[in-house]
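1. Sequence and computational prediction follow.
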Number of protein chains: 2
Amino acid sequence: LVLLYNSQVSGNCYKVRLLLTHLGVPFETHELSVVDRSNRADVIGADANPALRVPTLILDDGRPLAESNAILWYFGRGTRFVPEDIYEQAQMLQWMFFEQYDHEPYVAVARFLRGWAPKTPENEALAESKMAGGNRALDAMERHLTGRTYLVADRLTLADISLYGYTHVAHEGGFELSARSAVRGWLDRVAAEPGHVAIDA
Amino acid sequence: LVLLYNSQVSGNCYKVRLLLTHLGVPFETHELSVVDRSNRADVIGADANPALRVPTLILDDGRPLAESNAILWYFGRGTRFVPEDIYEQAQMLQWMFFEQYDHEPYVAVARFLRGWAPKTPENEALAESKMAGGNRALDAMERHLTGRTYLVADRLTLADISLYGYTHVAHEGGFELSARSAVRGWLDRVAAEPGHVAIDA
């Protein structure tokens, strides 16, 4: 059985659970705290994941994989979630790299700071410093999704699963989606896909 | 001809030039400043790259691609730089996502702040704040490369091209590689590959 070092509240872990559920791949989870990370070197190990983050996944033969979007690739390639066309594949990866560089460091970090970190003035100031970057990323999505059903190839791909992870809980970081109707329509479409599962399921 | 919106000093652009040169894909460059970014919306356009960054690449049929590592994928898939095995492919992408999340935001940003940004106390303090993260990333590479020739599959892949980009100029950001002999040996191997080209070539 696939073992997922998991945090139930982490959008990065949720992406993996969402894809595995869509694909019907059975997995078990080992829950780790996103707040107390002191045991991670012992539990995960730097060989399995140099960054010691969740998600880290252990395949049934013991081989490890890290980085949420690389794990998505491992399970997604050859399924309906990855286009065969090389340009569409590159576009899909473009949005997944955008997610890790332009979206997650702002939207996910603000959400963590406001929802899970100690409530201090420093953490609130740090969260506030993430708003401009997060809003830029959400604006880029809004522009791109205007007139499109999904991010790439007019169907649900790994790019959507990746960006859905933290976008659908962006309000928990203080981000406002009400004026972003293309993003909201896209969130609804992703959630309405057969086989969808919620982050707290 | 492929058109590359380029900055000659950017490691992210260099990755793309290095792969295209290895593959013998002819391209022309349109040089943009990494300091004055005011014309980017007009030149690149948000449709081509929502993040308005270099590298942005325009294929000969006019279709755009962004994100250095997604561009590497587009040209690299099906060549010797991308393993066919799905686990090795996922490992390769794991290091490329590591590069964008754990390495570039520290090593590349410190290098930019110390080499190209205005020399102010604020910029120097910001550069200093990037050192711990950059050293963590370089330590992770040192551990992984100890006893290995390349990052994945014992041969030069996109993962090496991606991480070579900013690691080989990490000293320009104030990072010290002298005690990291596995990283230094790996840098030498990448540079000794037939078809290699320097960042300032």
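-> Received the coordinates, thanks. Residues are numbered from 1 along each chain as shown, chains lettered A, B, ... in the order given.
2. who touches the top helix by length along chain A?
-> In terms of residue count, the longest helix belonging to chain A (DSSP state H) is helix A:131-145. Outside helix A:131-145, the residues within contact range by C-beta atoms under 8 Å, 6 or more residues apart in numbering or on different chains are A:98, A:102-103, A:105-107, A:110, A:151, A:163, A:167, A:170, A:173-175, A:177, A:180, A:182-183, A:185-186, B:46, B:50-51. In this view, the C-beta of every residue, glycine as well, is placed from N, C-alpha and C.
3. what does chain A have sitting close to chain B?
-> Contact residues (C-beta under 8 Å from any C-beta of the partner chain) of chain A with chain B: A:46, A:50-51, A:59, A:63, A:65-71, A:73-74, A:77-78, A:86-87, A:89-91, A:93-94, A:96-98, A:100-102, A:104-105, A:140-141, A:143-144.
4. Following the helix or strand of chain A with the lowest mean pLDDT in sequence, what is the next regular element?
-> One helix or strand of chain A scores below all others by mean pLDDT, DSSP states H and E: helix A:40-43, with a mean of 89. Per DSSP states H and E, the first helix or strand lying C-terminal to helix A:40-43 is strand A:56-58.
5. for that following strand, packing partners?
-> strand A:2-6, strand A:64-66 (3 or more C-beta pairs under 8 Å, 6 or more residues apart in numbering or on different chains; DSSP states H and E).
6. CSV for these, including mean neighbour count and mean pLDDT?
-> Formatted as CSV, those follow (neighbours: other C-beta atoms under 10 Å in any protein chain shown; pLDDT from 0 to 100):
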stretch, mean neighbour count, mean pLDDT
strand A:2-6, 20, 97
strand A:64-66, 22, 97
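7. coming back round to it: mind listing what's buried in the longest helix of chain A?
-> Of the residues in helix A:131-145, A:Met131, A:Gly133, A:Gly134, A:Asn135, A:Arg136, A:Ala137, A:Leu138, A:Ala140, A:Met141, A:Glu142, A:His144, A:Leu145 count as buried by neighbour count, 16 or more other C-beta atoms under 10 Å in any protein chain shown.
8. Just the closest of these to chain B, please.
-> Using C-beta to the nearest C-beta, A:Ala140 comes nearest to chain B of the buried residues of helix A:131-145, at 3.5 Å.
9. For that closest one, give me the pLDDT.
-> pLDDT, A:Ala140: 96.
10. Can you read off the backbone torsions of the nearest residue to A:Ala170 once chain neighbours are set aside?
-> Using C-beta to C-beta, 6 or more residues apart in numbering or on different chains and skipping residues adjacent in sequence, the residue nearest A:Ala170 is A:Val107, 5.1 Å away. Reported as degrees, to the nearest 10, the phi and psi values for A:Val107 are phi -70, psi -50.
11. so what's A:Val107 up against?
-> Contact partners of A:Val107, counting by C-beta under 8 Å, 6+ apart, are A:Lys130, A:Gly134, A:Ala137, A:Leu138, A:Tyr166, A:Thr167, A:Ala170, A:Gly173, A:Phe175.
12. Throw the residues you listed into a markdown table and include distance to B:Ala201, thanks.
-> Compiled in a markdown table, the contacts of A:Val107 are given as follows (distance: C-beta to C-beta, whole Å):
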| residue | distance to B:Ala201 |
| --- | --- |
| A:Lys130 | 38 |
| A:Gly134 | 38 |
| A:Ala137 | 34 |
| A:Leu138 | 39 |
| A:Tyr166 | 39 |
| A:Thr167 | 40 |
| A:Ala170 | 43 |
| A:Gly173 | 43 |
| A:Phe175 | 43 |
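13. Okay, buried residues for stretch A:21-41 please.
-> Quick answer for stretch A:21-41 (16+ other C-beta under 10 Å): A:His22, A:Phe27, A:Thr29, A:Leu32, A:Val34, A:Arg40.
14. That stretch spans what distance, first to last residue?
-> Using C-alpha to C-alpha, to the nearest Å, one end of stretch A:21-41 lies 28 Å from the other.
15. So which residues make contact with that stretch?
-> A:1-10, A:17, A:20, A:43-44, A:52-54, A:75-76, A:79, A:81, A:112, A:116-117, A:161, A:193, A:195-197.
16. And stretch A:146-153, by the same measure?
-> Taking C-beta under 8 Å, 6+ apart as the rule, stretch A:146-153 contacts A:83, A:85, A:88, A:91-92, A:95, A:141, A:144-145, A:154-157, A:159-160, A:163, A:182, A:186, A:189-190.
17. follow-up on the earlier one: pull out the buried members of the contacts of helix A:131-145.
-> For those, a burial check counting by 16+ other C-beta under 10 Å picks out A:98, A:102-103, A:105-107, A:110, A:151, A:163, A:167, A:170, A:173-175, A:180, A:183, A:186, B:50-51.
18. B:Ser129 versus the most far-flung residue of chain A relative to its centre, what's the distance?
-> Residue farthest from the centre of chain A, counting by C-alpha atoms, centre = their mean, is A:Pro121 at 27.4 Å. The gap separating A:Pro121 from B:Ser129 is 19 Å, by C-beta to C-beta, to the nearest Å.
19. what do you get for A:Asn49?
-> 24 Å.
20. With A:Val2 instead?
-> According to C-beta to C-beta, A:Val2 stands 38 Å off from B:Ser129.
21. cool, and A:Ala191?
-> Between A:Ala191 and B:Ser129 the computed distance is 38 Å (C-beta to C-beta).
22. Number of residues surrounding A:Asp200?
-> A:Asp200: 8 surrounding residues under other C-beta atoms under 10 Å in any protein chain shown.
23. Just confirm it contacts A:Gln8, I think it does.
-> Yes: here A:Asp200 reaches A:Gln8: they are 6.8 Å apart, a contact under C-beta atoms under 8 Å.
24. A:Gly78: neighbour count?
-> Neighbours of A:Gly78 (other C-beta under 10 Å): 9.
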